[in-house]
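Asks: next come a sequence and a model predicted from it.
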Amino acid sequence: MKMTTIGLDLAKNVFQLHGVDERGRVVLKKPMKHARVLPFFAQLEPCLIASDYPQIPTHC
């Protein structure tokens, strides 16, 4: 199992990770608390990481 892409859904308390391999098959679906995210990514081989960007309302 070699993950090529990980989607990272940012949230207030728990992130949701979704990883796929080179064929697009799901190889990871995992909720993760903030404190565990950096150690998790540190032990992975390099891959593409995509995240959502929280929309921040701006008032002019």
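Replies: Looks like it arrived, so ask away.
Asks: run the chain-centre distance for the helix or strand harbouring Val37.
Replies: Val37 belongs to helix 34-42 when assigned by DSSP states H and E. With CA atoms, centre = their mean, to the nearest Å as the basis, helix 34-42 stands 10 Å off its chain's centre.
Asks: so for that helix, mean pLDDT?
Replies: Per-residue pLDDT values over helix 34-42 give a mean of 92.
Asks: what is that helix packed up against?
Replies: If you count contacts as 3 or more CB pairs under 8 Å, 6 or more residues apart in numbering; DSSP states H and E, helix 34-42 packs onto strand 14-21. C-betas here are computed from N, CA, C, even on glycine.
Asks: partner residues bridging the residue at minimal distance from the centre of the chain?
Replies: Centroid-nearest residue in the chain, with CA atoms, centre = their mean: Leu8, separated by 2.3 Å. For Leu8, the beta-bridge partners under DSSP bridges are Leu17, Ser51.
Asks: relative to Val27, how far out is it?
Replies: Per CB to CB, to the nearest Å, Leu8 is found 15 Å from Val27.
Asks: thinking again about what came up before, next, the buried residues of the helix holding Val37.
Replies: Across helix 34-42, burial judged by 16 or more other CB atoms under 10 Å covers no residue at all.
Asks: surely the residue nearest to the centre of the chain meets Leu28?
Replies: No: Leu8 is beyond contact range of Leu28, at 10.9 Å (criterion: CB atoms under 8 Å).
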